[in-house]
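*Asks:* Next comes the sequence, and after it the predicted model I'd like to discuss.
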Amino acid sequence: MAVYTEVSDEALRAFLGDYDIGGLVAFRGIAEGVENSNYALRTDRGDYVLTLYEKRVDPTELPYFLGLMDHLAARGLACPVPVRGRDGDALRELAGRPAAICTFLEGVWPRRVRPDHLAPLGQSLARLHDASGDFPANRPNALGPKGWAPLLEGCRERGDEVAPGLVAELDGHLAGILAAWPAAGALPVGQIHADLFPDNVFFLDDAAGRPRVSGLIDFYFACTDLLAYDIAVCLNAWCFEADGMFNVTKARSLLTGYEGVRPLSLAERAALPVLCRGAAIRFLLTRLYDWTHTPADALVTRKDPLEYLRKLRFFAQAETAGALGL
Ligand SMILES: Nc1ncnc2c1ncn2[C@@H]1O[C@H](COP(=O)(O)OP(=O)(O)OP(=O)(O)O)[C@@H](O)[C@H]1O
Ligand SMILES: N[C@@H](CCO)C(=O)O
């Protein structure tokens, strides 16, 4: 479900009148995604995605997200390009919500991640980091280390309903992660995607049948943080099997693909285990918060926090990159 705000035919036609993208051919809601309302839009000039930004997005941050996509696309990264209206503005308003039209990306996200998805993923992630090197704006990571303790506080009352003893266990993990977190200035910082899960990466097969990344989407958690933290997010989101096992082959392919474009420093590699613990607790906490604050019958699909507890426990017992097999 991801159409929270309905758009009337009349409002849509008036809205499109502010653009120079041709006449309307087709318009339908996109079911996937949970944060915003997304519509597939076809005009006689091409395909687009219309996004209406819902309540959890801070409108003052939209220029950063749209500006970053524009910047990356201009440097050759396949990502949605915000389309400007006749007045030059990409960020507009529709049905009472901030709204933008972006170009449509071909491809499909992998429902089942295979080992051969990982090297192209790593390459794309490194290209994103390289291409954003000269991006002029910054956005602190609200869901980074400083945000985790307040999130855990928000889960303190009801967290143990999800698993007995969970909150106390998370207190212990969080203290350990924060104590071991890289000091400011120790690792390279830049613009990161911060949510590069399989459903945000589109692939198409090349002529030889090998998967190639056709585009990255959903930059609405992007922020300025440790570049290697983005790899840690991917190690969490892409390298575990359904039975909970960490797949070292996938993890190595991710790093090989990444380092083919941007080699990691020794310090970045050494920090991977704690960055992986950090990424695991970040997704565990946001999922736990949503689980304990969203009514069970709400339209939003809640994601399982315990999937990330298992990942956190796995990373907590691997103190070095070597122990992870990396
Ligand atoms: N530029 C694009 N090209 C093609 N499809 C797109 C594009 N942007 C979004 N989509 C489609 O819309 C769906 C939802 O998009 P997105 O993940 O950005 O939504 P969201 O509501 O912000 O979701 P999330 O819960 O993942 O944060 C995607 O899975 C994809 O199918
Ligand atoms: N990727 C996040 C959802 C927010 O995009 C998760 O799986 O918890």
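*Replies:* The structure has been received and is ready for your questions. Everything quoted here is computed from the prediction, not taken from an experiment. Numbers count the residues shown, from 1 in each chain. Ligands and ions are numbered 1, 2, ... in the order given.

*Asks:* pLDDT weak spots in the stretch 201-326 of the chain?
*Replies:* Confidence mapping of the stretch 201-326 of the chain against pLDDT under 70 gives the ranges 296-300.

*Asks:* Could you rerun that using 90?
*Replies:* Along the stretch 201-326 of the chain, the parts satisfying pLDDT under 90 run over 294-302, 319-326.

*Asks:* what about the residue of it at minimum distance from ligand 1, which SS state?
*Replies:* Proximity of the stretch 201-326 of the chain to ligand 1 (C-beta to the nearest ligand atom) peaks at Asp218, 3.6 Å away. Every C-beta, even on glycine, is put in place using the N, C-alpha and C of the backbone. Following DSSP: H, G, I helix; E, B strand; the rest coil, we place Asp218 in the coil state.

*Asks:* now it: how far from Gly76?
*Replies:* 19 Å (C-beta to C-beta, to the nearest Å).

*Asks:* Asn138 now?
*Replies:* Going from Asn138 to Gly76 by C-beta to C-beta gives 22 Å.

*Asks:* Pick out whichever of the two has more residues nearby.
*Replies:* Remark: of Asn138 and Gly76, Asn138 carries more neighbours, 12 against 8, as counted by other C-beta atoms under 10 Å.

*Asks:* Identify the residue of the stretch 1-150 of the chain closest to ligand 1, quick one.
*Replies:* Counting by C-beta to the nearest ligand atom, the stretch 1-150 of the chain gets nearest to ligand 1 through Gly33 (2.6 Å).

*Asks:* hang on, that residue in a helix?
*Replies:* No: the assignment for Gly33 by three-state DSSP gives coil, which leaves it out of any helix.

*Asks:* what sits against the spatially closest residue to the residue of the stretch 201-326 of the chain closest to ligand 1 that is not a sequence neighbour?
*Replies:* Excluding its sequence neighbours, the residue lying closest to Asp218 (C-beta to C-beta, 6 or more residues apart in numbering) is Asn200, at 4.4 Å. With contact set as C-beta atoms under 8 Å, 6 or more residues apart in numbering, Asn200 has these partners: Trp109, His193, Leu216, Ile217, Asp218.

*Asks:* and the nearest residue to the first one once chain neighbours are set aside, what does it touch?
*Replies:* What it means is Trp109. Excluding its sequence neighbours, the residue lying closest to Trp109 (C-beta to C-beta, 6+ apart) is Asp199, at 4.9 Å. Asp199 sits next to Glu32, Trp109, Asp218 when contact means C-beta under 8 Å, 6+ apart.

*Asks:* repeat for Phe197
*Replies:* Val233, Ala237, Trp238.

*Asks:* repeat that with 7 Å
*Replies:* Ala237 (C-beta atoms under 7 Å, 6 or more residues apart in numbering).

*Asks:* Need the pLDDT of it.
*Replies:* Looking at Phe197, its pLDDT stands at 98.

*Asks:* For it, give its distance to ligand 1.
*Replies:* 7 Å (C-beta to the nearest ligand atom, to the nearest Å).

*Asks:* Quick check on that residue: phi, psi?
*Replies:* phi -80, psi 160 (degrees, to the nearest 10).

*Asks:* so how many other residues sit close to Asp89?
*Replies:* Asp89 has 13 neighbouring residues, counting by other C-beta under 10 Å.

*Asks:* does it sit in a helix, a strand or a coil?
*Replies:* Three-state assignment for Asp89 (three-state DSSP): coil.

*Asks:* Can you pull the phi/psi pair for the residue nearest to Leu94 when sequence neighbours are not counted?
*Replies:* The shortest distance from Leu94 to any non-neighbouring residue, by C-beta to C-beta, 6+ apart, is to Phe15 (4.9 Å). Per-residue torsions, Phe15: phi -60, psi -50 (degrees, to the nearest 10).

*Asks:* coming back round to it: what score does the residue nearest to Asp218 have for pLDDT?
*Replies:* 97.

*Asks:* Quick check: residues of the protein near ligand 2?
*Replies:* Asp195, Phe197, Phe283, Thr286, Arg287, Lys303 (C-beta under 6 Å from any ligand atom).

*Asks:* Export those residues as JSON lines, with columns for secondary structure.
*Replies:* Formatted as JSON lines, the residues of the chain next to ligand 2 follow (three-state DSSP):
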{"residue": "Asp195", "secondary structure": "coil"}
{"residue": "Phe197", "secondary structure": "coil"}
{"residue": "Phe283", "secondary structure": "helix"}
{"residue": "Thr286", "secondary structure": "helix"}
{"residue": "Arg287", "secondary structure": "helix"}
{"residue": "Lys303", "secondary structure": "coil"}
